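Q: From the sequence below, what's the structure:
(2 chains)
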Amino acid sequence: MSMTTEAPGALYAAREPVFPKAVSGPFRRLKWAIMVMTLAIYYVTPWIRWDRGPHLPDQAVLVDLAGRRFFFFWIEIWPQEFYYVAGMLIMAGVGLFLFTSVLGRVWCGYACPQTVWVDLYQHVERWIDGDRNAQFRLLKRRWDGDKMRRRAAKWAIWLLIALATGGAWIFYFADAPTLAYRFAAGAAPIVAYATVALLTATTFVLGGFMREQVCLYMCPWPRIQAAMLDETSLTVTYKDWRGEPRGKHRKAEGAEQLGDCVDCNACVAVCPTGVDIRQGQQLGCITCALCIDACDDIMAKVGKPRGLIDYFSLADERLARAGKPSLPAWRRVLRPRVFVYTALWAGIGLAMLTALFLRDTIDLTVRHDRNPVYVTLSDGSIRNGYEVRLLNRNPEPNIFRLSVDADGRYLRLTVAGADASALPVAADETRKLRVFLTAPAGTPLPGRTEVVLWVENLHTRERAAYTTHFSAPSQGDRP
Amino acid sequence: MSAEPTRPADPETGTVTTGHDWDGITELDTPLPRWWLWTFYATVVWGLGYTIAYPAWPMLTEATGGVLGYSSRAEVQTQIARQAEANADIAARLAAASFEEIAADPALYTFAEAGGAAVFRAQCSQCHGAGAAGSPGYPNLLDDDWLWGGTAEKIYATINHGIRWEADPDTRYSEMPAFGDEGLLSDAEIEAVADHVLALSGQADAPEGGADLFADNCAACHGDAGEGLPEMGAPRLSDAIWLYGGDRVAVIATIARSRHGVMPAWGARLSEAELRQVTHYVHSLGGGQRASGD
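A: Numbers count the residues shown, from 1 in each chain, chains lettered A, B, ... in the order given. Okay, here's the model as predicted:
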């Protein structure tokens, strides 16, 4: 970022507008493909349907905040299983480290939403205002009718994109077709309108006006990546040993001394963050590689080999300066930190998959009453109370049976207001019960007996157990 | 702001340095982006507006109220009112339903249990304990022993009218005389009665003459075998549950001085729905009796 101050010692600097020039080439095509893919995933996902039977929503990806459920195709996550989400976030983080250690800031250059939406906005800008130079001229021009029309058209299209961005987000949190209809009819919850308004505003401002300022001043990732990169990570590199001294005048005297750089400024003109890559690695470079496309184009025209600006590592740079060939690609990939990141990433993923496939469709949790721990009944028998929750993760209602295990045979199990041998639990729901275990008077009991409560799904015969305890007065306290 | 042209620029970046030099290390004085400054001003304006709109500035006796008239207390009251309004239908259904109907209807059951637990914690737990286990003199509501009957209807009547609560004409009185204080029995006779009472629950051997004294003085209310009489609030003496303690000293004290426990009548303080909720809650704690099995 060529940050020039207004005056020496100025405390604040205005943003210098950046008007990147249109460019074509393999990296531009790659960015197109990734943009189409990421936007398609974002906009289409909430509309994918997924049949889960009559009792559950049929939206493939749904964050049901009111119902406390997260649906992802065949996977359903309950709030107490939030560790799956935590695991996904850790995997996303480690994955980012992995990609950064091998490929540098590919996230910034291709996949970051800020990059994708700014790219989209800049295409709109070029379509309405023309390319780089026309945009410059338009900026300097007084506000005549044509400029106002162009500005109105550009901002209107930006706003529509922003509205679609914010609009798509809410569909992840409710049934998309229903919400779309209610949203249009003015009958959606106020939080839906507020969310869309907020995301529309941030998309419009961040994509249309803040742009590279987000990367330079707001985003922590350009700082964090300094710790992630090492000398074998790929960065966009200007090969100054080949390009310098740069010069335009190839026919002038002493031109044979000049390097390959013809100082055409094409690399600067196409840069979406407005940096001059020839100044070396810098915070503002998001490694989108558009300058590589631009420079390769020029090199072809002046009859020089491509790659004056190229993806290159510091290790390769040292070799190149010494006149040696670059390391083979596998040397860049096969190194300890890549293995460590891969192992971490895959390990967490495998552990979560295993846990996911081994998880039961029914479960129970038991909380023993502590106030009081036991109750003496009129006939002298001892009763303990428990709060039991039966979890039915099946997509249909099931009948459960609750029982106490063989070691606790002398204990009688009863459920307040229900029959312990036939407890209906609704589909994908939890049922809270008040359960009592009673020991007849005169039963010889220690102060604390371990007991196991079993729940069985009478439809599937699946069972789950919970170990708790039965409290009784210690022998000296007996009446 | 006066420019300081004397400060050196960094040769690599062209940015002015702070002018300080620590053993050859200098610091870039990179200017902040202008929009950051405007954002800062915007937050200042927002902050000022906020303190005008909402309660903020501390004065001598209280803080400024804010032109919007907001208060967190009013917000809570609004939320409570909104909640009550949302529950109005089911509360009306609950107030009209019998306890059998409440037990059979899952929606009413859940509403009554949750609401009853809230009422219990607020109004009842001071004496009966948060877990309803009571303490000496305050009945344990978890067990199956009830002074005035354990069906939902009887529990409802007890909560509604209270015990020995003179403001309520329908309140309950259990009138056990203080046999010692009133000189009705001698100390030796009281001890004999106490031993007989302990014998009823198998805790002592029956003493000589205790049975006659019991039959003459106690059996009218407590029954010949100490089975109790819920209509009179006379506790069963043959079981394992003792409100004021079941050892010999405690039983002697009870006979000699009597115990006249008091419970407020809640009919005047709770709504019909709340009364039914807390009745259902107490009935569901584990000792509630069914009407037929009474």
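
Q: contacts, neighbours, all on C-alpha from now
A: Fine.

Q: Close to chain A: what parts of the stretch 1-150 of chain B are there?
A: Taking CA under 8 Å from any CA of the partner chain as the contact definition, the stretch 1-150 of chain B meets chain A at B:1, B:3-5, B:7, B:13-16, B:29-35, B:37, B:103, B:130-133, B:142-145.

Q: Derive a PyMOL selection command for the buried subset of those residues.
A: Buried residues within those, by 16 or more other CA atoms under 10 Å in any protein chain shown, are selected in PyMOL with:
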select buried, chain B and resi 15+16+29+30+31+33+103+130+131+132+133+142+143+144+145
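
Q: Which members of the residues of the stretch 1-150 of chain B next to chain A occur in strands, if any?
A: B:Leu32, B:Pro33 (DSSP state E).

Q: Tell me if I am right that B:Thr43 is in a helix.
A: Yes - under DSSP: H, G, I helix; E, B strand; the rest coil, B:Thr43 falls within a helix.

Q: Look up how far A:Gly25 lies from it.
A: 44 Å (CA to CA, to the nearest Å).

Q: Repeat that for A:Trp169.
A: The spacing between A:Trp169 and A:Gly25, counted by CA to CA, is 32 Å.

Q: cool, B:Ala265 as well?
A: Taking CA to CA, one finds B:Ala265 at 87 Å from A:Gly25.

Q: Between those two, point out the one with more neighbours.
A: Shown here are B:Ala265 and A:Gly25; by other CA atoms under 10 Å in any protein chain shown, B:Ala265 has more neighbours (23 against 15).

Q: Grab the nearest non-local neighbour of the more buried one.
A: B:Gly162 (3.7 Å; CA to CA, 6 or more residues apart in numbering or on different chains).

Q: Now that neighbour: phi and psi?
A: According to degrees, to the nearest 10, the main-chain angles of B:Gly162 amount to phi 80, psi 180.

Q: center of chain B - which residue?
A: For chain B, the residue sitting closest to the mean C-alpha position, by CA atoms, centre = their mean, is B:Arg121 at 1.3 Å.

Q: what sits against that one?
A: By CA atoms under 8 Å, 6 or more residues apart in numbering or on different chains, the contact set of B:Arg121 is B:Ala130.

Q: any low-confidence regions in the stretch 1-150 of chain B?
A: Low-confidence segments of the stretch 1-150 of chain B, defined by pLDDT under 70, are located at B:1-6.

Q: Can you name the next helix or strand after whichever strand or helix holds B:Ala157?
A: B:Ala157 is located in helix B:152-161, with elements delineated by DSSP states H and E. As assigned by DSSP H and E, the chain's next helix or strand after helix B:152-161 is helix B:187-200.

Q: Going by neighbour count, which residues of the next helix or strand after that next one are buried?
A: Downstream of helix B:187-200, the first helix or strand assigned by DSSP H and E is helix B:210-217. The neighbour-count check on helix B:210-217 (16+ other CA under 10 Å) flags B:Gly210, B:Ala211, B:Leu213, B:Phe214, B:Ala215 as buried.

Q: And stretch A:340-355, by the same measure?
A: Buried, per 16+ other CA under 10 Å, within stretch A:340-355: A:Tyr341, A:Thr342, A:Leu344, A:Trp345, A:Ile348, A:Gly349, A:Met352.

Q: And the furthest pair within those residues?
A: Across the buried residues of stretch A:340-355, no pair lies farther apart than A:Tyr341 and A:Met352, at 16.6 Å, counting by CA to CA.

Q: pLDDT score for the closest residue to B:Glu208 other than its chain neighbours?
A: Leaving out its chain neighbours, the residue that sits closest to B:Glu208 by CA to CA, 6+ apart is B:Ala192, at 7.6 Å. B:Ala192 carries a pLDDT value of 93.

Q: quick one: contacts for B:Ala192?
A: So B:Ala192 contacts B:Pro207, B:Glu208, B:Gly209, B:Gly210, B:Leu213 (CA under 8 Å, 6+ apart).

Q: swap in B:Asp205?
A: By CA under 8 Å, 6+ apart, the residues touching B:Asp205 are B:Asp195, B:His196, B:Leu198, B:Ala199.

Q: again, only using 6 Å
A: Applying CA atoms under 6 Å, 6 or more residues apart in numbering or on different chains to B:Asp205 gives the contacts B:Ala199.

Q: Helices of chain B, start to end?
A: Per DSSP state H, chain B carries helices over the ranges B:34-53, B:72-86, B:88-96, B:99-104, B:106-119, B:125-128, B:152-161, B:187-200, B:210-217, B:219-222, B:248-257, B:272-283.

Q: Out of those, which one sits most buried?
A: helix B:272-283 (a mean of 25; mean count of other CA atoms under 10 Å in any protein chain shown).

Q: could you say what helices and strands that one packs with?
A: helix B:88-96, helix B:106-119 (3 or more CA pairs under 6 Å, 6 or more residues apart in numbering or on different chains; DSSP states H and E).

Q: Select, out of those helices, the one closest to A:Arg105.
A: Nearest of the helices and strands packed on helix B:272-283 (CA to CA): helix B:106-119, 54.4 Å.

Q: Next, the angle from that closest one to helix B:272-283.
A: Helix B:106-119 and helix B:272-283 are oriented at 90 degrees to each other (axes from the mean of the first three to the mean of the last three CA atoms, to 10 degrees).
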